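Engineer: here are the coordinates; sequence isn't available:
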C-alpha cells in the first residue's frame, strides 16, 4: 500500500510549509517538494488544503454501562464517526463497575467490545474504581499489556468513585510504575448533599443539575487531588475541566511543583449552562458532569488553550438517546444519563470557533487536538506528528467547505445532535489511517476492524 499526498500545506505545532508526503507500509517515509508517484500509488491532490497529523481524542466512552443503561455507540459506529471528524486515534475509558467485577475482568470486557471492530486506532485509560487486596497485581499486569494510564473518579459514589485511602494507594502505584493518572475531579459528598437539598426543594428538572455540582465543588475536587499528588509525586491529567475556579487550583498546584496536565472539552468552549435550562426537558440533552458553566468561563478556557495553561481539547463522548434514555431522569435530574456527544464534531467546531474566530492559530489547533495528547500518553512521535517514521495518519482539511451539523446526517449512533444546525467553516476532505484513506468528502470509505489497540509503555515524566 503506497500513498502520495501532494501540494498541501503541512501544519504541525512547530512548522507550516508546502510539501508532498510519501507513505508506504503504513508510515511516512519521505517529505519533500515535487515528489513523483511510482506506478500504482494512490495520489491525493491537497492543493489549497491543510495537511494535519491525525487528531487524537484523549477522552471517550465508546462502550459504557452507566446509570442503568449503556452508551449507544459501538466501536464500529464510534470509530467511523471519529474518522469522519478527523480523529484517527481515541482513548476509551475502561471503567468496570466498583461493585460488580474485578478490574482484570473489566479490562477483558472492554477488549471483547473493541477487538476487530474499530476502524481507527485506539487505546484505553484503565479505570481504578476500587483498590482492594487484588487490585495492585491486576493493575501491574494491565500496565504490562500496554495500558500506560489510569482513570479515577472523585465522584459517582458507590459506582465508580474511590475513597481517600484508595486514592492514595492508586497514586503511589502510579508513581512507581510511571503511568499518568486521569482524574474526574468533583467532591462526591458535596454533590450528594446538594442533590438531596435540591430535590427536597422541588427542583427536579435538568436545570437542577448545575446547582448540584457548582464550580466550587469541581474546584474543591481539584484541590483535594492536588494535595495527594503533591505528596505522592504522581503525574496527573485532569479530565473535562470546565471552569475558572478549577483551573486556578490546577495552576496553583503546577506552580508548586505538581506535574499536572489539564484537559477541557469542546462542549465547554462553545455552549453554556443556559442550554441545560431549556424548557420541556430539552435541557436533558445538555446534562453532563461537570456541568456546562456560565458563559464567562469560555474566555478563560480559550485563553488557557492559547497560552498553554490548558493542554488538550477532548469530548468525553458519551452518547445517550434523547427519547429513549435521557427520560430515565424525567422528574429526577440525578437519574438523567450524563453525556453530550461530540466525537464527530470536535475538530470542526474547534476550527470554526477557535481558528476562524481568531482564538488560536493553526499550529496551536494541531497541538491541542493531536500532538499534546500523543506526548502526554506515550504515543509521540508515532502519532501526533508528520515526520519520517510516524504512522501515516493524516487529515487533508478543506478550509473552503461550508456546511451545517445535523443529527440526520451524523454517524454517531444517537437520535440528536447538541449542535443541530450549527455552521462549520471547514471539514476533512480525506482522512487516512496508517496510509489507507478511510474518509473521503465526509463519507466513511475505510475498513472496519483495521483499527489497532495501541500498546503504550509508561511515560516516566
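Structural biologist: Noted; the coordinates are in hand. Computed from a predicted structure; not experimentally measured.
Engineer: For residue 437, which three-state class applies?
Structural biologist: strand (DSSP: H, G, I helix; E, B strand; the rest coil).
Engineer: and it, how far is that from residue 445?
Structural biologist: Distance of residue 437 to residue 445, computed by Cβ to Cβ, to the nearest Å: 6 Å. Any C-beta I mention is one placed from the backbone N, CA and C, and that applies to glycine too.
Engineer: Between the two, which has more neighbouring residues?
Structural biologist: Taking neighbours as other Cβ atoms under 10 Å, residue 437 and residue 445 compare with residue 437 leading, 17 against 13.
Engineer: what helices or strands is the lowest-mean-pLDDT helix or strand in the chain leaning on?
Structural biologist: The weakest-scoring helix or strand in the chain, judged by mean pLDDT, DSSP states H and E, is strand 65-66 (a mean of 88). Packed against strand 65-66 by the contact rule (3 or more Cβ pairs under 8 Å, 6 or more residues apart in numbering; DSSP states H and E) you find no helix or strand.
Engineer: Helix, strand, or coil at the most centrally placed residue in the chain?
Structural biologist: Nearest residue to the geometric centre of the chain (Cα atoms, centre = their mean): residue 59, 2.7 Å. The three-state label given to residue 59 by three-state DSSP is strand.
Engineer: Settle this for me: it is touching residue 93, isn't it.
Structural biologist: Yes. Using Cβ atoms under 8 Å, residue 59 is in contact with residue 93, at 7.0 Å.
Engineer: anything in contact with each of those two?
Structural biologist: 125, 182 (Cβ atoms under 8 Å, 6 or more residues apart in numbering).
Engineer: Would you state the helices of the stretch 1-150 of the chain in chain order?
Structural biologist: For the stretch 1-150 of the chain, the helices defined by DSSP state H, counting those that start in this stretch cover 75-84, 103-114, 135-144.
Engineer: nope, the stretch 151-300 of the chain is what I was after
Structural biologist: With DSSP H, counting those that start in this stretch applied, the stretch 151-300 of the chain shows helices at 164-177, 188-200, 208-212, 215-232, 244-255, 266-270, 296-307, listed in chain order.
Engineer: The fourth one packs against which elements?
Structural biologist: Read it as helix 215-232. Right, helix 215-232 is packed against helix 164-177, strand 180-184, helix 188-200, strand 235-238, helix 244-255 by 3+ Cβ pairs under 8 Å, 6+ apart.
Engineer: Show me which residues of it are buried.
Structural biologist: Neighbour counts over helix 215-232 (16 or more other Cβ atoms under 10 Å) mark 215, 217-226, 228-230, 232 as buried.
Engineer: Same check on the first one?
Structural biologist: With burial defined by 16+ other Cβ under 10 Å, the residues of helix 164-177 counted as buried are 166-174, 177.
Engineer: and what of the fifth one?
Structural biologist: Across helix 244-255, burial judged by 16+ other Cβ under 10 Å covers 244-247, 249-251, 253-254.
Engineer: One more: the second one?
Structural biologist: Residues of helix 188-200 classed as buried by neighbour count (16+ other Cβ under 10 Å): 188, 190-191, 194-195, 198-199.
Engineer: quick check, nearest of these to residue 69?
Structural biologist: Using Cβ to Cβ, residue 195 is the member of the buried residues of helix 188-200 that lies nearest residue 69, at 19.1 Å.
Engineer: thought that closest one was touching residue 336?
Structural biologist: No. Under the criterion of Cβ under 8 Å, residue 195 makes no contact with residue 336, lying 11.7 Å away.
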